[in-house]
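**Q** heads up, no residue letters with this:
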């Protein structure tokens with residue numbers, strides 16, 4: 001009889017722990033935010049997608065990264081670049097948000113994240129307190145390293161690493177799509 005009670009008690013305890021994990025932990029995790037962001041992109045819901053991105057932070061990090069890469073060439077230019085990035089980050093963030101929202105609403109294939117990449121990003125997500133980061137490769141072969149931060153409204157993307165390389169590949173892609181001879 002004791003063995004029967006212990007076995008059922010263990011099963012109930014495991015079910016309770018898994019239930020608690022599924023109800024309280026998973027929906028508050030950065031993995032859940034990445035999953036819902038992908039879901040919004042797949043469903044062409046730009047308004048929902050932009051809620052998972054802090055555009056001002058992404059723009060500021062991108063500007064700092066680009067200016068830092070050029071800092072060795074001209075320290076005064078780096079200082080001016082940082083000041084300009086700080087000054088222009090809010091208007092650039094609004095513009096970027098509008099462009100991303102429009103592209104998601106239109107179903108831009110460049111924004112689609114393959115399910116396999118999403119699963120990999122989901123399980124390869126590293127978390128430390130209120131920050132998390134992951135990376136994945138999209139259909140075009142671009143590697144994305146994404147950093148998230150827990151904000152009062154939930155987890156948001158706040159930084160995209162190697163933005164210069166991604167922008168250069170995007171420019172090449174845009175130039176190739178506009179060139180009728182390609």
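**A** All right, it came through fine. Source: prediction; values computed, not measured.

**Q** just the strands in the chain please.
**A** Per DSSP state E, the chain carries strands over the ranges 126-128, 131-137, 143-151, 154-161.

**Q** Just checking: what are the partner strands of the shortest one?
**A** Going back to what we said before, that points to strand 126-128. If you go by DSSP bridges, strand 126-128 pairs up with strand 131-137 (antiparallel).

**Q** quick one on the thing from earlier: so for residue 91, which of the strands of the chain sits nearest?
**A** Evaluated over those, closeness to residue 91 peaks at strand 154-161, with 18.5 Å, by C-beta to C-beta. All C-beta atoms are positioned from the backbone trio N, CA, C, and that covers glycine.

**Q** Run through the neighbouring helices and strands of the closest one.
**A** Under the contact criterion of 3 or more C-beta pairs under 8 Å, 6 or more residues apart in numbering; DSSP states H and E, strand 154-161 touches helix 30-42, helix 55-70, strand 143-151.

**Q** 10 Å instead, please
**A** With contacts taken as 3 or more C-beta pairs under 10 Å, 6 or more residues apart in numbering; DSSP states H and E, strand 154-161 sits against helix 30-42, helix 55-70, strand 131-137, strand 143-151.

**Q** quick one: low-confidence ranges for the chain?
**A** For the chain, the stretches with pLDDT under 70 are 1-7, 21-27, 69-82, 84-85, 87, 166-182.

**Q** among the strands of the chain, which is nearest residue 108?
**A** strand 143-151 (15.2 Å).

**Q** who does that closest one pair up with?
**A** Note on strand 143-151: by DSSP bridges, its sheet partners are strand 131-137 (antiparallel), strand 154-161 (antiparallel).

**Q** contact partners of the first one?
**A** The one in question is strand 131-137. For strand 131-137, contacts defined as C-beta atoms under 10 Å, 6 or more residues apart in numbering pick out 29-31, 33-34, 113-114, 116-127, 142-150, 155, 157-159, 161-162.

**Q** Minimum distance to residue 68: which of the strands of the chain has it?
**A** Once C-beta to C-beta is applied to those, the stretch that comes out nearest is strand 154-161, at 12.2 Å.

**Q** the inter-axis angle of the closest one versus helix 30-42?
**A** Using axes from the mean of the first three to the mean of the last three C-alpha atoms, to 10 degrees, the inter-axis angle of strand 154-161 relative to helix 30-42 is 80 degrees.

**Q** Buried residues, strand 154-161. List them.
**A** By 16 or more other C-beta atoms under 10 Å, the buried positions in strand 154-161 come out as 155, 156, 157, 158, 159, 160, 161.

**Q** Report the contact partners of the fourth one.
**A** Spelled out, it's residue 158. Going by C-beta under 10 Å, 6+ apart, residue 158 touches 53-58, 60-61, 131, 146-151.

**Q** let's go with 6 Å and repeat that
**A** By C-beta atoms under 6 Å, 6 or more residues apart in numbering, the residues touching residue 158 are 54, 57, 147, 149.

**Q** Since that was my last question, I'll sign off now.
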